[in-house]
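> Take this sequence and fold it.
(2 chains, ligands or ions: 2)
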Amino acid sequence: MDFRSDIIVEYFPFFMEGMGLTILMSVVGVLMGCILGFFIALGKMSPILIVRLPFIWYINFLRGTPLLVQLFLFHYAALPAILGSTTPVISVMVTLSLNSSAYVAEIFRAGLQSIDKGQAEAAHSLGMNKFQVMRHVLLPQAFKRSIPPLGNEFIVLLKDSSLGAMIAAQDILYWGRAASGQYLRVWEPYLMVALIYLVLTLSLTYLLNYLERRLDVK
Amino acid sequence: MISVRHLKKSFGDLEVLKDINVDIKQKEVVVVIGPSGSGKSTFLRCLNLIESVTDGTVTIDGEELTDKKVDINKLRAEVGMVFQQFNLFPHKTVLENITLPIVTVKKWSKQDAEKKAKDLLQKVGLLDKAKVYPESLSGGQKQRVAIARALGMEPKVMLFDEPTSALDPEMVGEVLGVMKQLAEEGMTMVVVTHEMGFAKEVGDRVIFMDEGYVVEENEPKQLFDNPQHDRTKAFLSKVL
Ligand SMILES: Nc1ncnc2c1ncn2[C@@H]1O[C@H](COP(=O)(O)OP(=O)(O)O)[C@@H](O)[C@H]1O
Ligand SMILES: [Mg+2]
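Ligands and ions are numbered 1, 2, ... in the order given. Take a look at the predicted model:
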């Protein structure tokens, strides 16, 4: 079998562009996911069932339906209805943000609930209010414990962002499909696509391991 | 100083405190004893509202804790609590454990809080541990830091819930020593403990609780040497 490396050379700049977009969409997704996820975690931990219920179903929906289905829903239905119009990149970012917020919420909730109850009691007994206890006692500890699962979530998100190619967001996979379509070749473009994702996820894994060591996560 | 009237506390159907009436005077050291599950911890926790009161009233220094309008956080800051499990903040250094509530609740400057914290560490004999994290301390040292942390809020009264029960025997003395010193300085204290020696030596009064009631209370010597109730006798014969 002849291997046409010239296809890869020709498409290399596009792959790099696609990589930039993949990274951008994933980073936005995970950052927004963290911010939203934090509030959703708090909502789901409310002692009042009526308050808790919408958060429970938000999480159920986003974790219990396929990401590709969510992407189509947002891109073709929800976002055009809300914003009037949308672009593939916006749709991917919104979908990834909301989808990851559901997973991140569960990560934060588990982190918060893993902190010994005595910690909050001691803080309250010293006169700290709910906000202060959360801010100074629970969150720093819960966040540290959440870093390893958050890292996993980031890696999953990075790979899942490739679904964006299905609505023509010009990410790594998009350019692989373009190359494949132009030259009617399958091995070169898709191997290259796989390789770029692998480089990204492995780099991220090393980065996260380093971070965990630096922060002394147990 | 503290006045408890018809205090009742239930967890669901389980009535843990049935009708508690206790008065504690300023500078008094009251020791609470009783079998496990008799409601001693719950009683202490009601005194600084970690547990909500089901019925009855608790008044501390003229302020009615159970009043809905009362500022709970302010009241809690005035009532120090020391726990069996220390409950130090593991992500903060020893010094930060003490300064955190002083800065966040009392709104002192960082410098003033650190000065206060160092004075307190000196007092409990742990000034050299200011910069370390709790995990590197022994149980006795942790508990002394926890006492210093509670004292940082300059409470009117200190509550101790079995402060030495989680300690290796050789460390019990150092913690009781600090508590004794506090008592001598005139701190009002309520101490749940199984250390009968401490009760006799430091306590002004001993309260015996069983099944959610105060069964008997008296001066330590009277209560230990001459218990009036059968349940007190049975309990003392097991622990003394
Ligand atoms: N948060 C709670 N929920 C339900 N039951 C509790 C709770 N806290 C304590 N209890 C029950 O209340 C009773 C008294 O407990 P406690 O005050 O801890 O007793 P003591 O400190 O004397 O051992 C026990 O039967 C215990 O199981
Ligand atoms: Mg107890």
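
> Which helix or strand lies directly C-terminal to the helix or strand of chain B with the lowest mean pLDDT?
The helix or strand with the lowest mean pLDDT-type score in chain B, counting by mean pLDDT, DSSP states H and E, is strand B:63-64 (a mean of 88). Reading on from strand B:63-64 to the C-terminus, the next helix or strand found by DSSP states H and E is helix B:72-78.

> what does chain A put close to chain B?
Residues of chain A lying close to chain B (Cβ under 8 Å from any Cβ of the partner chain) are A:116, A:118-119, A:121-129, A:132, A:136-137, A:140-141, A:144. C-betas here are computed from N, CA, C, even on glycine.

> of those, buried ones?
A:119, A:121-129, A:132, A:136-137, A:141, A:144 (16 or more other Cβ atoms under 10 Å in any protein chain shown).

> any idea which of those residues is closest to residue A:68?
Of all those, residue A:68 sits closest to residue A:144, with 33.6 Å by Cβ to Cβ.

> returning to what we had before: please see if the least confident helix or strand of chain B touches chain A.
No. Using Cβ under 8 Å from any Cβ, strand B:63-64 never reaches chain A; the gap is at least 13.7 Å.

> residues in contact with that strand?
B:57-58, B:70, B:75 (Cβ atoms under 8 Å, 6 or more residues apart in numbering or on different chains).

> Direction included, what does that strand pair against?
strand B:55-60 (antiparallel) (DSSP bridges).

> Tell me where the chain has helices.
No chain was given, so I picked chain A. A:5-44, A:49-64, A:67-72, A:79-83, A:88-113, A:117-125, A:130-132, A:139-160, A:172-183, A:187-215 (DSSP state H).

> my bad, chain B
Using DSSP H, helices in chain B cover B:40-47, B:72-78, B:94-104, B:110-123, B:139-152, B:169-184, B:196-202, B:220-225, B:230-239.

> And for residue B:18, nearest residue in space, chain neighbours not counted?
The spatially closest residue to residue B:18, leaving aside those adjacent along the chain, is residue B:212, at 4.0 Å (Cβ to Cβ, 6 or more residues apart in numbering or on different chains).

> coming back round to it: want to throw the helices of chain A into CSV with mean pLDDT?
Listed next are the helices of chain A as CSV, based on pLDDT from 0 to 100:
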stretch, mean pLDDT
helix A:5-44, 97
helix A:49-64, 98
helix A:67-72, 98
helix A:79-83, 96
helix A:88-113, 98
helix A:117-125, 96
helix A:130-132, 96
helix A:139-160, 95
helix A:172-183, 97
helix A:187-215, 95
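
> nearest to residue B:122, of these?
helix A:117-125 (22.2 Å).

> What are the contacting residues of that closest one?
Counting by Cβ under 8 Å, 6+ apart, A:132-133, A:136-138, A:141, B:48, B:50, B:73, B:76, B:79-81, B:83, B:85, B:87-89, B:101, B:146, B:150 sit against helix A:117-125.

> And for the residue lying closest to residue A:106 once chain neighbours are set aside, the neighbour number?
Nearest residue to residue A:106, sequence neighbours excluded (Cβ to Cβ, 6+ apart): residue A:59, at 6.7 Å. When neighbours are defined as other Cβ atoms under 10 Å in any protein chain shown, residue A:59 has 21 of them.

> Enumerate every residue touching residue A:59.
A:40, A:44, A:102, A:105-106.

> Pull up the gap between it and residue B:218, please.
57 Å (Cβ to Cβ, to the nearest Å).

> same check, this time on residue A:108
Distance from residue A:108 to residue B:218, by Cβ to Cβ: 52 Å.

> related to what we said a few turns ago, quick one: contacts for the residue nearest to residue B:18?
B:15-18, B:20, B:38-39.

> again, but for residue A:129
residue B:73.

> What about it? Give its phi and psi, please.
phi -80, psi 170 (degrees, to the nearest 10).

> Quick check, residue A:173 in contact with residue A:160.
No. With contact defined as Cβ atoms under 8 Å, residue A:173 does not count as touching residue A:160 (11.0 Å).

> neighbours of the residue of chain A found nearest ligand 1, just the number please.
For chain A, the residue closest to ligand 1 is residue A:117, as judged by Cβ to the nearest ligand atom, at 9.5 Å. As a burial measure, residue A:117 scores 9 neighbours (other Cβ under 10 Å).

> what's the answer for residue A:35, then?
12.

> any idea how far it lies from residue A:163?
In terms of Cβ to Cβ, residue A:35 sits 22 Å off from residue A:163.

> Over to residue A:114?
From residue A:114 to residue A:163 the distance is 32 Å (Cβ to Cβ).

> the more surrounded of those two?
Remark: of residue A:114 and residue A:163, residue A:163 carries more neighbours, 20 against 11, as counted by other Cβ under 10 Å.

> pretty sure that one contacts residue A:69?
No. Counting by Cβ under 8 Å, residue A:163 does not reach residue A:69; the two are 10.0 Å apart.

> Contacts only, for residue B:3.
Residue B:3 neighbours (Cβ under 8 Å, 6+ apart): B:22-24, B:57-60.

> any chance of these in TSV, with neighbour count and distance to residue A:185 too?
Listed next are the contacts of residue B:3 as TSV, based on neighbours: other Cβ atoms under 10 Å in any protein chain shown; distance: Cβ to Cβ, whole Å:
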residue	neighbour count	distance to residue A:185
B:22	20	86
B:23	14	90
B:24	21	86
B:57	14	84
B:58	23	80
B:59	16	85
B:60	20	81
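
> May I ask which two of those are separated the most?
Most distant of these, by Cβ to Cβ, are B:24 and B:57, 14.2 Å apart.

> can you list the residues of chain B near chain A?
Residues of chain B lying near chain A (Cβ under 8 Å from any Cβ): B:48, B:50, B:73-74, B:76-81, B:83, B:85, B:87-91, B:100-101, B:104-105, B:146, B:149-150, B:153.

> Of those residues, select the buried ones using a ChimeraX command.
A single ChimeraX command selects the buried members of those (16+ other Cβ under 10 Å):
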select /B:48,50,73,76,77,78,79,80,81,83,85,87,88,89,90,91,100,101,104,105,146,149,150,153
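
> one step back: settle it for me: which of residue A:108 and residue B:218 has more neighbours?
Neighbours per residue (other Cβ under 10 Å) separate residue A:108 from residue B:218, with residue A:108 holding more: 26 against 17.

> any idea what sits nearest the more buried one, other than its immediate chain neighbours?
residue A:41 (3.9 Å).

> List the residues that contact that neighbour.
A:104-106, A:108-109, A:112.

> Pull up the gap between it and residue A:145, please.
Applying Cβ to Cβ to residue A:41 and residue A:145 gives a distance of 13 Å.

> Write out the residues of chain B neighbouring ligand 1.
B:11, B:14, B:16, B:34, B:36-42 (Cβ under 6 Å from any ligand atom).

> at 8 Å instead, please
B:11-12, B:14, B:16-17, B:34-45, B:51, B:161-162, B:192, B:209, B:212 (Cβ under 8 Å from any ligand atom).
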